[in-house]
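Trainee: A predicted structure for the sequence below; I have some questions about it.
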Amino acid sequence: MADIDIDKIAQAHRQIGRVLLHDWDPIGVARVPEGRNEYDGYVRGVYDVAAETRSAQAVAQHLLKVEREHMALRGCRRWKSLLPVAERILELMPEANQVP
C-alpha cells in the first residue's frame with residue numbers, strides 16, 4: 001500500500017472548503033465574514049466522493065443532494081450546472097495512490 005500524505009489530504013480539504021465557499025455557495029454567504037466556515041461540514045463528504053469516484057458527475061450530484069437534503073433548497077438547478085465546481089474540486093485532489 002502506498003504511503004498516504006496526510007499534509008496533501010489536509011491541504012485538499014482546505015482548498016475544497018474554499019471552492020465550496022467561493023464557487024458553490026448555494027446560500028450566498030461568501031461575502032459575509034461570519035459565513036466563512038458555513039460549508040466546512042460538507043468538505044469531508046465532498047472529498048470522499050471525489051476520492052472514491054474521481055468523477056465530476058458524482059461530485060456534482062453529491063453537491064446537489066447536499067443542497068436538497070441538508071439545506072432544504074428547492075430550485076430548478078440541475079447537477080449539470082454544478083459540473084464546473086465539481087471539476088475544480090477534482091483538480092485539487094491528491095494523486096489516486098495517495099488517497100485513503
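Mentor: Received it, and whenever you're ready, just let me know what you need. Numbering: from 1, shown residues only.
Trainee: C-alpha only now, for contacts and for neighbours.
Mentor: Fine.
Trainee: how many other residues sit next to residue 81?
Mentor: When neighbours are counted by other Cα atoms under 10 Å, residue 81 registers 12.
Trainee: Roughly how far does it sit from residue 55?
Mentor: Note on residue 81: its distance to residue 55, by Cα to Cα, to the nearest Å, is 15 Å.
Trainee: which helices and strands does the helix or strand containing residue 62 pack with?
Mentor: Assigned by DSSP states H and E, residue 62 belongs to helix 56-65. In terms of contacts (3 or more Cα pairs under 8 Å, 6 or more residues apart in numbering; DSSP states H and E), helix 56-65 is packed against helix 40-53, helix 83-91.
Trainee: Next, the buried residues of the last one.
Mentor: Of the residues in helix 83-91, those buried under the neighbour-count criterion (16 or more other Cα atoms under 10 Å) are 83, 85, 86, 87, 89, 90.
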